[in-house]
Each structure stands twice: as C-alpha cells, then as structure tokens.
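[1] have a look at this prediction, sequence included:
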Amino acid sequence: MPQDDGHSIIVVGDLHLARGHDPVTGKADPNDHFLHDDAFARFLDDVRGRAAKKNQRPRLLILGDFFDFLHVGSDPAAPTAGHPETSDRATLAKLEQIAAGHPAVFAALARFVSAGLPLDIVPGNHDIELVRPSTQEGFTNLLMRFGCLPESKNLISFHPWIYFVPGLLYAEHGHQYHDINAFVTLLEPFQHHGTNNIQLPPGSFLDLYLLNLLAVRDPPVPSSGSSTRGLVRALRAHSILVLRTLPLHARYLRLISRSLMSQTGTGEAKRQSYRKNVLRPFADQLGLSHETLVAIDELSAHAIAKMWSRLLRKLVFAPLPFLRARLGGSPARLTQKTPGYLHDPAAAIHRILEAKGQAVPFYAFGHTHHAEQRPLGTPNTVPYYINGGSWIVKTPITIDATLQRPPFTFIEIERPLGKDEPVAQVMLWDDAAGHATPVAISERSKVAAVLSSSV
C-alpha cells in the first residue's frame, strides 16, 4: 500500500514514450506521439522546485501507458510484423531505445527522485510489461544511469494494477473496463504459465494493424493512433490500399480473431484459480479485502463477456451511415465509445468500496486521453471521477507534429498535514509562463474539447 504522508500527489499518464528522436540523426520517430520532452522536464522541475521552497514532499504517480512498447520495433517490413516481442530480453532492448530517444524525460525523473521525492508507476495496456520485476529493475537502472542517486532507489515503486490510499484515492489506468484492451488475468498476463511472453488483448493488434497500414501508404503520413474511425477513413480515402495490402489485412484479421477467441474463451476454472492464488495475496498488499478485489475484477470480466455482442453490433450497423452517405443521405459517421465510458466503472467501484466502508473521495483514471473531473453522484460533492488526460499529439495534422501543442494536463491532489478534507483538481501546465494553473470548473469542458481536437 502506498505511504500516505499527507502531502500532495501529482498524477500524470498516457505519455506513450516510444523511440523519440534518434540520438544520432535527430530525426523523430513517426510512431512516437510524445513530442514535448523539454516541456515535461520543465514541469517536473517546477514541481520539484516548489516542493523545496515549501518544504513539501509531493509524490509523482504515473498512471499507465508511460511507455508505448507496442510502437517500438513495429517494422511493417519485418517477417515477424504483427507479432510484437514481449519477452524480457526484447522489452529491455525497447526500454533502452526509449531512454535514448527521450533523455530529457529520464534525466528530469532522475532529478525528481534524487530530491527525495517518491515516484509511483502503474502499468497500462501499452506498457503491461512493467508488471515484470525485470522491466521494473531495467527502468530503475536507467534512472541511475541518468543521474539518480543510488540511495534514492527505494523511492521508486511499481503498482501492477491499483494504487490505493485509504480515505483519499483509488487509481488505476482504466483499460480493464475497455473490453478490447482488457487482460483476462491482469497480474499474470502471460500466454502460458511459466513463460514470459505476454498474451496481448485484441486492441493491441488493432493498434498495430492501423500503425502498419499507415506506414505502407504512399506517401507515408504521421500515425494517428489506433481507432476504428482512423482505419475506415484511411481505407476510404485510398481504396487501392485495400487491394495492395491484402496480406496485411489477412495477417491481422487472423491475429485479432485469435486474441478475441483467447480472451473470451478463458475458462471459469482458470479465472477462479487466478482470483484465489493471485488476487488474494495482492489484496493483502493493497489493503483491500479479497472479496472487494474479486468484485472489481468481475467488472472487467463482465465487459469482456459482452465484447462479442458489441463488436457484432459495430460490424452490422457501422456500414449503414456510409451507405446512406453514398445514396445522398446524411454525412457518414462512425459510432465509437465516448470518453465517458469509464464513468460507470468508477461509480461501480465506489459502490463496492462503500459497501466495505473503504470509499474514497477521488477515483482517478487514465486511458481515455480525456482530461475531466465530474462528481459520481450529487453535483459538486465527493466522490469525484477525475482523469488527467494525456500530453501526446495523437492525430498529427502536419508532417511536423511538434508544431501542435496538446493541453499539458495533470491531476493535483492536496491534503495538508493535520487537515481532513483533501482537494483534487485538473491542472494545466503553462509551459510558456513556467507554472501550472487550475482548470476552473466552468472551463473543464473547454479543455476537454481542445484535448479531443488536438490528440
């Protein structure tokens, strides 16, 4: 269980660091959407500087998808394309490439931890490899190489699923309630017991499918992330691309189908064994009851169970707007999950904790890339769902996507020593001014809209 020292918690996530800039040529990797390393470094240095002036000790919580291992080593021309390497050895090699492409971020984290400030990391679906001790050790060793003091090593902590501070905060990345990105046995996401290759969910292969499809376009364009809308738009705009890339479609159809079958075909006996042998000891570490953790895990199982019916509805009904548009009807529009799909799981988790007398005022998530704060019940009262958004440019509109600047949003949770009522709010890092400002309640929808159009 994380230590509650009464100081603030800074929550940021969904940076999706990949290869970054080549240290020799300076060329940016088109598959890396994190383009503002120096701004992030200045943000961390500001947190560290303000803490020193006020004699505070804020914790930095990176809430998932800090790294994008999927986007490192995904060469469409490689014979193993579509089969991402998830072994220990491959992951550590990817980690080295990420550090080489983002030295400013690693150096800023090293300065942060060396100042005596705790760093907590929760994996997401794009960096699930962080559940392994070898990956955790590899990251820690990299920070040492970037100047982190050896005596500060114990300030770096990893939390494989949930970050829970009693009476204050429940936090997780959120992919477990997004059916195509959920892992059936999250804390043991391996293909087979005793192996170190990870069984990736269907969403990972969909992401790679779109990434590889865009990479073979002529001329190539910046990647726009994994979305059904982006995929359909690319295929409609370049009809010849469908025929030219038939082997790619066939390969990914097979991989996605196999992943779907594996995910929905997991037997009840395996799930019960996982809950008994893995979730029970994890619950003890977390400070929650085993029954509570099983109930939360059941929310994910329910989402996975409904996946086939949701995907079937999309396959059947999604083409209809395009047909109407072809016949002169309304403009084509593709229905997708809205950024608010984590509201219901957050409310359900609150009810589960409330029944056990362990409810908290704040439920923080990532994954949607949508900065937001909203009450889960009565307006303007706790508990709150809160999401720090993302710092990435997900949909570049120019070849030089560094010209785009997404809102640099994060969450700040404060509870001064000796006070009972904590405060949490979405914050905006103003890099030009060199300081962070709160996002006012009336402005939150505006920031979310800007974020949606930028990333």
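    Yep, that arrived. Numbers count the residues shown, from 1 in each chain.

[2] check which residues of stretch 365-375 are buried.
    Of all the residues in stretch 365-375, those buried under the rule 16 or more other Cβ atoms under 10 Å are 365-373. Every C-beta, even on glycine, is put in place using the N, C-alpha and C of the backbone.

[3] endpoints of that stretch, how far apart?
    For stretch 365-375, the first-to-last residue distance is 14 Å (Cα to Cα, to the nearest Å).

[4] that stretch - what's its average pLDDT?
    The pLDDT scores in stretch 365-375 average 95.

[5] stretch 257-276 now?
    78.

[6] who's in contact with it?
    The contact list for stretch 257-276 (Cβ atoms under 8 Å, 6 or more residues apart in numbering) reads 182, 184-185, 187-188, 199-202, 204-205, 290, 293-294, 297, 301, 304-305, 307-308, 311.

[7] partners of the host helix or strand of V426, with directions?
    Assigned by DSSP states H and E, V426 belongs to strand 423-430. Within its sheet, strand 423-430 is paired with strand 409-414 (antiparallel), strand 435-438 (antiparallel), according to DSSP bridges.

[8] separation between the nearest residue in space to F365 that is not next to it in sequence and E354?
    Using Cβ to Cβ, 6 or more residues apart in numbering and skipping residues adjacent in sequence, the residue nearest F365 is G174, 3.9 Å away. Separation of G174 from E354 (Cβ to Cβ, to the nearest Å): 20 Å.

[9] more neighbours, those two?
    Neighbours were counted for G174 and for E354 using other Cβ atoms under 10 Å; G174 has more, 27 against 12.

[10] what residues are up against the more buried one?
    Remark: with contacts taken as Cβ under 8 Å, 6+ apart, G174 is in contact with 64, 342, 345, 365-368.

[11] and which of the residues you listed is nearest Q285?
    Nearest to Q285 among the contacts of G174, counting by Cβ to Cβ, is G64 at 18.7 Å.

[12] who touches stretch 353-360?
    164-170, 288-289, 291-292, 350, 383.

[13] switch to 10 Å and redo it
    Identification of contacts with stretch 353-360 by Cβ atoms under 10 Å, 6 or more residues apart in numbering yields 164-171, 287-289, 291-292, 295-296, 349-352, 363, 382-384, 422.

[14] just the ones in strands from those, please.
    Members of these lying in strands (criterion: DSSP state E): 164-165, 169-171, 363, 384.

[15] quick check: closest non-adjacent residue to the spatially most central residue of the chain.
    Centroid-nearest residue in the chain: D65, 3.5 Å away (criterion: Cα atoms, centre = their mean). The shortest distance from D65 to any non-neighbouring residue, by Cβ to Cβ, 6+ apart, is to G124 (3.5 Å).

[16] looks like the one you found contacts F66 (just checking).
    Yes. Contact criterion Cβ atoms under 10 Å: G124 and F66 qualify, at 7.5 Å.

[17] among the contacts of stretch 257-276, name the ones in helices.
    202, 204-205, 290, 293-294, 297, 301, 304-305, 307-308, 311 (DSSP state H).

[18] picking up where we left off before, for the residue nearest to the centre of the chain, which three-state class applies?
    Under DSSP: H, G, I helix; E, B strand; the rest coil, the three-state class of D65 is coil.

[19] confirm for me that it is in contact with H16.
    Yes. Contact criterion Cβ under 10 Å: D65 and H16 qualify, at 5.5 Å.

[20] shared neighbours, these two?
    Residues touching both D65 and H16 by Cβ under 10 Å, 6+ apart: 124, 126-127, 369, 390, 392.

[21] biggest separation within these, which pair?
    Largest pairwise distance in those, by Cβ to Cβ, is 15.0 Å, between D127 and H369.

[22] next structured bit after the helix or strand encompassing I98?
    I98 is located in helix 88-101, with elements delineated by DSSP H and E. Next along the chain after helix 88-101, taking DSSP H and E as the criterion, comes helix 103-114.

[23] what about that next one, average pLDDT?
    Helix 103-114 comes out at a mean pLDDT of 98.

[24] do the same with stretch 177-196
    So the average pLDDT for stretch 177-196 ends up being 85.

[25] mind saving the C-alpha coords of it as PDB?
    Backbone C-alpha positions of stretch 177-196 (Å, rounded to 0.1, in the frame of the first residue of the first chain) are rendered in PDB as follows:
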ATOM      1  CA  TYR A 177     -13.100  -1.800 -18.400                       C
ATOM      2  CA  HIS A 178     -12.400  -1.300 -22.100                       C
ATOM      3  CA  ASP A 179     -13.200  -4.800 -23.400                       C
ATOM      4  CA  ILE A 180     -10.800  -4.900 -26.300                       C
ATOM      5  CA  ASN A 181      -7.900  -3.700 -24.200                       C
ATOM      6  CA  ALA A 182      -8.600  -5.700 -21.000                       C
ATOM      7  CA  PHE A 183      -6.400  -8.600 -19.800                       C
ATOM      8  CA  VAL A 184      -8.200 -11.600 -18.500                       C
ATOM      9  CA  THR A 185      -5.700 -12.200 -15.700                       C
ATOM     10  CA  LEU A 186      -4.100  -8.800 -15.400                       C
ATOM     11  CA  LEU A 187      -1.500  -9.600 -12.800                       C
ATOM     12  CA  GLU A 188      -0.400 -12.700 -14.700                       C
ATOM     13  CA  PRO A 189      -0.900 -11.700 -18.400                       C
ATOM     14  CA  PHE A 190       1.300 -14.400 -19.800                       C
ATOM     15  CA  GLN A 191       0.500 -16.700 -22.700                       C
ATOM     16  CA  HIS A 192       1.200 -19.800 -20.700                       C
ATOM     17  CA  HIS A 193       2.100 -20.400 -17.100                       C
ATOM     18  CA  GLY A 194       5.800 -20.200 -16.600                       C
ATOM     19  CA  THR A 195       6.500 -18.300 -19.800                       C
ATOM     20  CA  ASN A 196       7.400 -14.600 -20.100                       C
END
